[in-house]
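K.L.:
Give the three-dimensional model of this entry:
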Amino acid sequence: MQSVASPPIARDTAHIGYIGLGDMGGSIAGHLIEEGWKLYLYARQESALAPFRGGSATILNEARDVAAAADILCICVSDDAQVENVLFGNHGIATALREGAVVIIQSTIAPESCRRFAGHLAPRGIATVDAPVSGGAERARRGALTIACGGDPDIIARCMPLLEAQATLVLRVGDIGSGQLLKLINNSVYAANLAVALEATRTGQAMGLNIDEMWDVLRAGSAGSMALDTHAHNIRKYGRMFPGPSSYANGTAGILAKDIGLFRSELDKAGLGRTAIDHIARDSIETILSFAPE
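P.N.:
From the prediction side, this is the model:
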């Protein structure tokens, strides 16, 4: 689709649809509302909508109603199949979007899926940006995420005020799908860092070190990483890395395994075979699995 340069959207006049109000999406939507953006929301579960009732957001009964109201529709669901269902399933969102609307995919999915979805939407006059988010729910609540974007530069420039409201760093890294590719690399590195942080804790305990003191030194020194920060926070708050079996099975472990699998597929498509980062990331999943809560 040939883009037509438009001025950046304005917070006071833009109508933003948001679908996918889980841990990340709900945190992003909540922050945008606090910042004064006009949001239209839909979720299948009332528990996801409950925090927004009584606020300034407009809650609609059907996903297609959100799409029809939106200048920009953000999607933040779990995987490729869910994004496809939101856009082209029984909800009928793709047919409800107006010509000139923009779909921003904030889920982490396969680059090829983004390109395929964009190809289906373009004939309707609808642009697509892949903008997977990185940083976790706590940063999302502060508008301090990192976003790597793929897509038409004019379209991304138009959406930039909305993206910058969510993140401290927003960077266009190439055409559609490029943001997803960089996010898959990011998550592979995160998996390796998390596995090392978990093993460091186990090793330090076995050797008699004070774990709180060890964390403080590691986090302040050259070993510091977001994975180590998250690990230390969860241990101190919950007494273990993962708050419970559900948060582990449906959260960190499952998401990282999915993303590492997607990254391996991209390596195969590029003819790169098994790289060191692939081996390390896959081995890291085995380490993370060993810390599964009972």
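
K.L.:
use CA for all of it now, contacts and neighbours both
P.N.:
Noted.

K.L.:
Next, the buried residues of the longest helix seen in the chain.
P.N.:
The longest helix of the chain (DSSP state H) is helix 178-206. Buried residues in helix 178-206, counting neighbours by 16 or more other CA atoms under 10 Å, are found at 178-185, 187-198, 200-201.

K.L.:
elements contacting it?
P.N.:
Counting contacts by 3 or more CA pairs under 8 Å, 6 or more residues apart in numbering; DSSP states H and E, helix 178-206 packs against helix 111-121, strand 127-130, strand 145-150, helix 211-220, helix 226-238, helix 253-269, helix 276-289.

K.L.:
tell me the most buried of those?
P.N.:
strand 127-130 (a mean of 28; mean count of other CA atoms under 10 Å).

K.L.:
Show residues contacting the helix or strand that that one is followed by.
P.N.:
Remark: after strand 127-130, the chain's next helix or strand is strand 133-134, criterion DSSP states H and E. Applying CA atoms under 8 Å, 6 or more residues apart in numbering, the contact partners of strand 133-134 are 106-108, 145-148, 183.

K.L.:
could you dump the residues you listed to a markdown table with distance to residue 280?
P.N.:
Listed next are the contacts of strand 133-134 as a markdown table, based on distance: CA to CA, whole Å:
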| residue | distance to residue 280 |
| --- | --- |
| 106 | 26 |
| 107 | 24 |
| 108 | 20 |
| 145 | 25 |
| 146 | 23 |
| 147 | 24 |
| 148 | 23 |
| 183 | 17 |
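
K.L.:
before we move on, what SS does residue 73 have?
P.N.:
strand (DSSP: H, G, I helix; E, B strand; the rest coil).

K.L.:
That one pairs with what?
P.N.:
Beta-bridge pairing for residue 73 (DSSP bridges): residue 17, residue 103.

K.L.:
Contact partners for it?
P.N.:
16-19, 67, 101-104.

K.L.:
switch the cut-off to 7 Å
P.N.:
Counting by CA atoms under 7 Å, 6 or more residues apart in numbering, residue 73 makes contact with 16-18, 67, 102-104.

K.L.:
now residue 68
P.N.:
Listed by CA under 7 Å, 6+ apart, the contact set of residue 68 reads 96-98.

K.L.:
Sticking with it, tell me its helix or strand.
P.N.:
If you go by DSSP H and E, residue 68 is part of helix 63-69.

K.L.:
Now tell me which helix or strand of this structure has the poorest mean pLDDT.
P.N.:
Within the chain, no helix or strand scores below helix 245-247, which has a mean of 50 by mean pLDDT, DSSP states H and E.

K.L.:
could you redo the contacts of residue 73 as TSV and give each row pLDDT and neighbour count?
P.N.:
Shown next, in TSV, are the contacts of residue 73 (pLDDT from 0 to 100; neighbours: other CA atoms under 10 Å):
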residue	pLDDT	neighbour count
16	98	24
17	98	28
18	98	25
67	97	30
102	98	25
103	98	26
104	98	26
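
K.L.:
Now distance to residue 137 and mean pLDDT too, for the helices and strands packed on helix 178-206, in TSV please.
P.N.:
Converted to TSV, these look like this (distance: least, CA to CA, whole Å; pLDDT from 0 to 100):
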stretch	distance to residue 137	mean pLDDT
helix 111-121	23	98
strand 127-130	19	98
strand 145-150	9	98
helix 211-220	20	88
helix 226-238	11	74
helix 253-269	14	86
helix 276-289	20	81
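
K.L.:
need those in a markdown table with distance to residue 166, can you?
P.N.:
What follows is these, written out as a markdown table (distance: least, CA to CA, whole Å):
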| stretch | distance to residue 166 |
| --- | --- |
| helix 111-121 | 21 |
| strand 127-130 | 15 |
| strand 145-150 | 6 |
| helix 211-220 | 25 |
| helix 226-238 | 18 |
| helix 253-269 | 21 |
| helix 276-289 | 28 |
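
K.L.:
Quick check: which of the ones you listed is nearest to residue 34?
P.N.:
Among these, strand 145-150 comes nearest to residue 34, with 15.8 Å by CA to CA.

K.L.:
what's the closest non-adjacent residue to residue 143?
P.N.:
Computed as CA to CA, 6 or more residues apart in numbering, the closest residue to residue 143 that is not its neighbour in sequence is residue 166, at 4.2 Å.

K.L.:
Let's verify residue 168: helix, strand, or coil?
P.N.:
Here residue 168 is recorded as strand under three-state DSSP.

K.L.:
And residue 250, what's its pLDDT?
P.N.:
You'll see residue 250 listed with a pLDDT of 47.

K.L.:
what does residue 158 give?
P.N.:
Looking at residue 158, its pLDDT reads 97.
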